[in-house]
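In: Test case, fold it:
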Amino acid sequence: MSSKKVSILIPVYNALETLDELVNQCEMNIKSITQDFEIIFIDDYSTDKSWEKIKNISKKKIFIKGLKLIKNFGVDTAITEGLKESSGEYVYIITCDLTDPLDKMLTMFEKISKSDDVDIICCYYKNKHPESLISKFFSKIYWNFFSFLINEKYPVEEGLYRIISRKAVDIYLSNTNKFKHIKIMHKFGLKKDYIPMEQGLRKFGSSGFNIKKKIEFAIDYITTYSYKPLIYSSMFGFLLSILFMFISGLTVSAKLLGYINVPGWASVIVFASFLSSILFLNLAIIGIYLTRTIEEVKDKEQNIIEQKV
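Out: Residues are numbered from 1 along each chain as shown. Model prediction:
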């Protein structure tokens with residue numbers, strides 16, 4: 001039995017049906033590790049009665065805390081706010097859908113507490129939630145393209161379920177980047193290790209990581225940690241400019257030599273439209289990066305917590 005305090009963070013979005021069982025499982029497993037613990041729920045602006053449930057549970061159990069965000073920010077922002085509130089020497093991060101094998105909490109704690117150089121222990125799911133063939137196909141394309149743009153293989157099999165040291169928490173929170181992602185903590189010089197696990201089946205609801213969330217996540221992640229879109233758009237624009245200069249030279253030469261007798265109105269329109277589309281695409285990419293920069297320098301300390309219990 002450890003004497004160190006342990007925090008458990010659980011980001012919540014529309015998880016009313018799972019909260020009671022989740023608390024019971026967490027309490028049962030954490031008491032085999034330490035008696036000094038806290039469970040922090042971070043409600044990411046749920047549309048059901050999850051927040052009311054969290055408030056009711058917190059009145060019955062003194063180790064329960066709750067945060068409610070002012071709008072739906074996404075799981076990474078919810079976790080960041082939970083880390084700010086946490087006080088444990090070690091911090092678990094657990095999903096709210098009852099798919100994480102919480103009986104592995106002791107194994108994870110023993111591994112990180114006995115290691116001198118590992119700051120993060122993650123679950124590595126040998127199995128994932130069953131998907132249709134079409135879903136698997138598009139998911140594979142999405143993650144492969146995403147990995148290409150960020151210039152490293154994104155750990156798809158790595159679950160959110162993990163335990164991190166206080167050192168990792170402090171380094172993660174000290175990073176001034178507004179767009180923090182929990183799965184890339186190793187980019188801050190922290191060592192990560194894995195424990196293979198079997199992911200449980202979802203009992204209630206469906207994943208909130210839909211197409212819209214995937215697109216938003218990809219834009220945030222890529223424009224924060226990768227310069228590839230800027231580099232490739234610049235290269236493409238440069239090559240196109242050379243191509244169009246060459247075509248223009250050929251056109252002028254052909255006209256002077258008398259090979260062109262038709263005005264070629266349609267061709268001009270086609271080329272002008274194509275060139276304009278490329279220019280606007282590049283402007284859009286640059287605009288995303290500029291927007292990211294502006295958001296970084298303003299309102300860094302904006303309070304996004306609506307309520308606490």
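
In: CA only for contacts and neighbour counts going forward, please
Out: OK.

In: Check whether Ile39 sits in a helix, strand or coil.
Out: The local conformation at Ile39, judged by DSSP: H, G, I helix; E, B strand; the rest coil, is strand.

In: And the nearest residue to Glu81 once chain neighbours are set aside, what's its pLDDT?
Out: Nearest-residue entry for Glu81: Ile42, 7.7 Å, with adjacent residues in sequence omitted and distances by Cα to Cα, 6 or more residues apart in numbering. At Ile42, the pLDDT value in this model is 98.

In: and Ile42, how far is that from Thr18?
Out: Using Cα to Cα, to the nearest Å, Ile42 is found at 14 Å from Thr18.

In: cool, Leu201 as well?
Out: Plainly put, Leu201 is 13 Å away from Thr18 if you go by Cα to Cα.

In: now swap in Thr47 and tell me
Out: For Thr47, the distance to Thr18 equals 15 Å [Cα to Cα].

In: Looking at those two, which has the bigger crowd around it?
Out: For Thr47 against Thr18, the residue with the higher neighbour count under other Cα atoms under 10 Å is Thr18, and the figures read 17 against 12.

In: May I have the secondary structure class of Ile42?
Out: Criterion first, three-state DSSP; result for Ile42: strand.

In: how deep is it tucked in, by neighbour count?
Out: Taking other Cα under 10 Å as the neighbour definition, Ile42 ends up with a count of 28.

In: so how far is Ile120 from it?
Out: 21 Å.

In: Could you double-check that Lys4 lies in contact with Phe109?
Out: No. With contact defined as Cα atoms under 8 Å, Lys4 does not count as touching Phe109 (11.0 Å).

In: quick one, which of these two is more surrounded?
Out: Phe109 (22 against 13).

In: so which strand or helix has the more buried one?
Out: With secondary structure defined by DSSP states H and E, Phe109 is part of helix 105-113.

In: Quick one: mean pLDDT over that helix.
Out: Computed over helix 105-113, the mean pLDDT rounds to 96.

In: which strands and helices sit next to it?
Out: In terms of contacts (3 or more Cα pairs under 8 Å, 6 or more residues apart in numbering; DSSP states H and E), helix 105-113 is packed against helix 19-30, strand 120-125, strand 158-165.

In: Now do the contacts for Gln35.
Out: Contacts here follow Cα atoms under 8 Å, 6 or more residues apart in numbering; on that basis Gln35 touches 3, 5.

In: Swap in 10 Å and give it another go.
Out: Taking Cα atoms under 10 Å, 6 or more residues apart in numbering as the criterion, Gln35 is in contact with 1-6, 27.

In: residue boundaries of the helices in this protein?
Out: Across the chain, reading from the start of the chain, the helices by DSSP state H fall at 19-30, 50-60, 75-85, 105-113, 133-150, 166-174, 211-225, 228-256, 265-297.

In: what's the closest of those helices to Leu67?
Out: In this view, the helices of the chain are compared for proximity to Leu67 by Cα to Cα, and helix 75-85 is the closest at 7.7 Å.

In: could you give the angle of that closest one to helix 211-225?
Out: When axes from the mean of the first three to the mean of the last three Cα atoms, to 10 degrees is applied, the directions of helix 75-85 and helix 211-225 differ by 60 degrees.

In: Just the buried residues of helix 75-85, please?
Out: By neighbour count with 16 or more other Cα atoms under 10 Å, helix 75-85 contains the buried residues 75-83.
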